[in-house]
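A.B. asks: sequence plus predicted model, see below.
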Amino acid sequence: MTAISTPLPELRAALLAWFDSAGRDLPWRLGTEGQRDPYRVWVAEILLQQTQVARGLHYYDRFLEAFPTVQALAEAPIHEVLKAWEGCGYYARARNLHRAAKLIAADGFPGNYDGWLALPGVGPYTAAAVASLAHGEARAVNDGNVRRVLARLYGQAQPTDAWIGARADALLDAARPGAWNEAVMDLGATVCTPRAPRCPECPLAAWCAALASGTPTAFPAPKVRTAVRAVEAVALLIGDGHAAVLERREGKLLGGLMGLPMLELGPDETLQGTLEKLCCRLGARSGELLGQVSHSMTHRQITLHVYAGTSDLPRQIVATAALSKLDHKALGLLRTRQQGLFAEPLMQSSSV
DNA sequence: AATTCGGGGGC
DNA sequence: GCCCCAGAATT
């Protein structure tokens, strides 16, 4: 399919006029257009990766209060950075943000797209966003909003990343690159939404091939997603809601966070066998089953069997540790028991 | 080019 | 229950 004849100057003017009157007022949009504070823009862009704005707002204020400057962030211990990020997900973002802050504290802020791209945690999207918003560089962003807006504008159901990138580059208003990027993303977030787009309010409606087709939500086609794996694991709760034995998680999954000692069931392994392996590793003894919690994490559905345990291992204060939602659910199991909410406290899961 | 990495919003 | 979210790193 082809786009409806699009005179670029008119289309750009229409979207920018809409943005100037209807654009969102967001806390990282302080300062002069094209000359925003790089620290504030950078933190926001990392925080908003795969995270909706409404959710990011809460974390943004907390994070900037805890780390007002890049120097403060660079000097903070990693566990404090992760604590500020707790519950936000994709924790590699926080680890990379901290690593990059140390580089910036030593060498200063990058001044252009290539410089930003070289930092850990900064990819093509974030580099283009910061370069355009903080340095006024003419770089088009390519995120989920841009993808949807352009797929619809041009009636392309299966746009590749390169195809979107080329269209975004061609459309970019080089006179106001920062405003243009924000305008496309605002349009995607508030008007050209995935499920129920508000086409009558859209400043680009006259040029939109998807609207003309009669089924705008058919563009772009849904992405194929990898299957969700069902996973079973056991955990030991040694202590109470105030202080408990916690381990630092290594590896990619929840890496850097603290959590209850936990072990996933291998293929053909039993609950009891896995529990014994876990106790053996810790030098701990297992007690009664406190219950199960279920937790879904996009690509896996976890059922965690939580046992009380005893050992001489040192306990840590729960409230000051950065924990995943899964661990908070496991600890919540203990609270519901103490409050006597369940006569037979075996299940806490919402769905099972 | 595919997978992996959290957690929740909105329908 | 499904699709998505101001993506990046790894394989």
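C.D. replies: Here it is on my side, so go on.
A.B. asks: show me the beta-bridge partners of residue A:285.
C.D. replies: Note on residue A:285: beta-bridge partners by DSSP bridges are residue A:310.
A.B. asks: my guess is it meets residue A:311, correct?
C.D. replies: Yes. Counting by CB atoms under 8 Å, residue A:285 touches residue A:311, with 6.7 Å between them. No exception for glycine: its C-beta is placed from N, CA and C like everyone else's.
A.B. asks: who has more neighbours, the two?
C.D. replies: Neighbour totals were compared for residue A:285 and residue A:311, and residue A:311 leads with 17 against 12 (other CB atoms under 10 Å).
A.B. asks: next up, the contacts around that one.
C.D. replies: Neighbouring residues of residue A:311 by CB atoms under 8 Å, 6 or more residues apart in numbering: A:238, A:245, A:282, A:283, A:284, A:285.
A.B. asks: what do you get if the cut-off is 10 Å, keeping everything else the same?
C.D. replies: Residues in contact with residue A:311 (CB atoms under 10 Å, 6 or more residues apart in numbering) are A:236, A:238, A:239, A:245, A:261, A:279, A:282, A:283, A:284, A:285, A:286.
A.B. asks: if we can go back for a sec, now do the shared contacts for residue A:285 and residue A:311.
C.D. replies: Here residue A:285 and residue A:311 share the contacting residues A:236, A:238, A:279, scored by CB under 10 Å, 6+ apart.
A.B. asks: can I get the residues you listed in JSON lines with secondary structure, pLDDT and distance to DNA strand B?
C.D. replies: Conversion of these to JSON lines gives the following (DSSP: H, G, I helix; E, B strand; the rest coil; pLDDT from 0 to 100; distance: CB to the nearest atom of the strand, whole Å):
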{"residue": "A:236", "secondary structure": "strand", "pLDDT": "98", "distance to DNA strand B": "19"}
{"residue": "A:238", "secondary structure": "coil", "pLDDT": "98", "distance to DNA strand B": "21"}
{"residue": "A:279", "secondary structure": "helix", "pLDDT": "98", "distance to DNA strand B": "25"}
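A.B. asks: residue A:130: which of those is nearest?
C.D. replies: For these, the residue nearest residue A:130 by CB to CB is residue A:236; the value is 43.5 Å.
A.B. asks: what residue in chain A comes nearest to DNA strand B?
C.D. replies: residue A:89 (2.4 Å; CB to the nearest atom of the strand).
A.B. asks: nearest spatial neighbour of that residue, skipping sequence neighbours?
C.D. replies: Take residue A:89 and drop its neighbours on the chain: the residue closest to it by CB to CB, 6 or more residues apart in numbering is residue A:51, 7.2 Å away.
A.B. asks: ok, the closest residue to residue A:255 other than its chain neighbours - how many residues close by?
C.D. replies: Nearest residue to residue A:255, sequence neighbours excluded (CB to CB, 6+ apart): residue A:249, at 5.7 Å. For residue A:249, the tally of surrounding residues (other CB under 10 Å) stands at 19.
A.B. asks: can you tell if the helix-or-strand element of chain A with minimal mean pLDDT touches DNA strand C?
C.D. replies: Lowest by mean pLDDT, DSSP states H and E among the helices and strands of chain A is helix A:325-338, with a mean of 87. No. Helix A:325-338 stays clear of DNA strand C (CB under 7 Å from any atom of the strand), getting no nearer than 14.6 Å.
A.B. asks: so how far is that helix from its chain's centroid?
C.D. replies: 24 Å (CA atoms, centre = their mean, to the nearest Å).
A.B. asks: which stretches of the stretch 201-350 of chain A form strands?
C.D. replies: Taking DSSP state E, counting those that start in this stretch to define them, one finds strands in the stretch 201-350 of chain A at A:229-237, A:243-244, A:247-248, A:258-259, A:262-264, A:285-296, A:300-310, A:316-317.
A.B. asks: can you redo those as CSV with distance to DNA strand C?
C.D. replies: Converted to CSV, the strands of the stretch 201-350 of chain A look like this (distance: least, CB to the nearest atom of the strand, whole Å):
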stretch, distance to DNA strand C
strand A:229-237, 12
strand A:243-244, 30
strand A:247-248, 19
strand A:258-259, 20
strand A:262-264, 19
strand A:285-296, 9
strand A:300-310, 9
strand A:316-317, 28
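A.B. asks: can I get these in a markdown table with distance to residue A:114?
C.D. replies: As requested, the strands of the stretch 201-350 of chain A are exported to a markdown table (distance: least, CB to CB, whole Å):
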| stretch | distance to residue A:114 |
| --- | --- |
| strand A:229-237 | 38 |
| strand A:243-244 | 46 |
| strand A:247-248 | 35 |
| strand A:258-259 | 37 |
| strand A:262-264 | 41 |
| strand A:285-296 | 39 |
| strand A:300-310 | 36 |
| strand A:316-317 | 42 |
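A.B. asks: of the shared contacts of residue A:285 and residue A:311, buried ones?
C.D. replies: A:236, A:238, A:279 (16 or more other CB atoms under 10 Å).
A.B. asks: so what pairs up with the first one in the strands?
C.D. replies: What that stands for is residue A:236. Beta bridges link residue A:236 to residue A:307 when assigned by DSSP bridges.
A.B. asks: tell me how far it lies from residue A:76.
C.D. replies: Residue A:236 is 30 Å from residue A:76, where distance means CB to CB, to the nearest Å.
A.B. asks: no further questions, thank you.
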